[in-house]
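>>> I would like the atomic coordinates for the input below:
(one chain, ligands or ions: 1)
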Amino acid sequence: MAIQLGDIAPDFTADTTEGTVVFHEWLGDGWGVLFSHPKDFTPVCTTELGTVAKLKDQFARRNAKVIAVSVDPLESHESWISDINDTQHTKVNFPLIADPDHKVADLYGMIHPNASDTTTVRSVFIIGPDKKVKLMITYPASTGRNFDEILRTVDSLQLTANYSVATPANWNNGDDVIISPAVSDEAAKAKFPKGWDTQRPYLRVTPQPNL
Ligand code: BEZ
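Reported below is the predicted structural model:
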């Protein structure tokens, strides 16, 4: 059955460019971002892995680790990483899972047979400290992902996990947020001492509470 939000992220053991990873152990008690690539030595994937390498500090600041998966074997990954480092002017600094038998790809439903029988689509799974899947996105092979957007969603997930708020369209860290409809005005007085703007009874806007 397909993975859904709130499910425990399936655990697995896999060979990676940074040694054997037991996924749940590797996640520890922080956040994780697992993302798939159709194939080694492909142009869009090359730019994506380079981009993530450059953003690793941004993920680390959010207590989030990144790990990529591609269906090619380890020797292929190692040779491809050297191309990525050269062409993207960076150093791949996170593990790339070798998944030639599609074990991880199948566990996470990353192969969409009507798109391709043999390669993964561009899936992203964001996993919380409780090992539950908090967010999933899927792009086709031909569209590279926006990893600033993935950082933005981590910010939203972390904020909304800790405060009774939701983040509106195009929200970025620091912008105003929306008080959860489940919070009464009475309860909101204690939770949101900076006050709020009631645009409709169901649409109450307040400054981001952790700033
Ligand atoms: C790419 O990463 O460039 C790519 C991979 C598979 C299909 C199309 C593009």
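>>> Quick one: name the residues of this structure near the ligand.
Applying Cβ under 6 Å from any ligand atom, we find that the chain lies next to the ligand at P38, K39, T42, P43, V44, C45, A141, S142. Any C-beta I mention is one placed from the backbone N, CA and C, and that applies to glycine too.
>>> Among those residues, which ones are in helices?
Counting by DSSP state H, those place P43, V44, C45 in helices.
>>> Next, work out how far apart D176 and P201 are.
Distance of D176 to P201, computed by Cβ to Cβ, to the nearest Å: 17 Å.
>>> which of the ones in helices among the residues of the chain next to the ligand count as buried?
Buried members of these, scored by 16 or more other Cβ atoms under 10 Å, are V44, C45.
>>> nearest to T20, of the ones in helices among the residues of the chain next to the ligand?
Proximity of these to T20 was ranked by Cβ to Cβ; the top entry is C45 with 22.8 Å.
>>> Could you report the separation of the closest one from A60?
Look at C45 and A60: by Cβ to Cβ, they are 22 Å apart.
>>> Next, count neighbours for the closest residue to P207 other than its chain neighbours.
Sequence neighbours aside, K194 is the residue nearest to P207 in space, at 4.9 Å (criterion: Cβ to Cβ, 6 or more residues apart in numbering). Residues lying near K194 (other Cβ atoms under 10 Å) number 9.
>>> next one: D148
By the criterion of other Cβ under 10 Å, D148 has 12 neighbours.
>>> Pull the contacting residues for it.
L55 (Cβ atoms under 8 Å, 6 or more residues apart in numbering).
>>> on that earlier part again, which of D176 and P201 has more neighbours?
D176 (14 against 8).
>>> got the contact list for the more buried one?
By Cβ under 8 Å, 6+ apart, the residues touching D176 are P168, V205, T206, P207, Q208.
>>> so what pLDDT did the residue of the chain most remote from its centre get?
With distances taken as Cα atoms, centre = their mean, the residue sitting farthest from the centre of the chain turns out to be E186, at 35.3 Å. Model confidence at E186, given as pLDDT, is 97.
>>> Look at it and give its secondary structure.
Secondary structure state of E186, per DSSP: H, G, I helix; E, B strand; the rest coil, is helix.
>>> Could you measure from it over to D57?
Taking Cβ to Cβ, one finds E186 at 42 Å from D57.
>>> Y139 too?
24 Å.
>>> more crowded one of those two?
Neighbour tally, Y139 and D57, criterion other Cβ under 10 Å: the higher count belongs to Y139, 17 against 9.
>>> distance of that one from V92?
On the measure of Cβ to Cβ, Y139 and V92 end up 20 Å apart.
>>> And R200, by the same measure?
48 Å.
>>> likewise S82?
When Cβ to Cβ is the yardstick, S82 and V92 sit 9 Å from each other.
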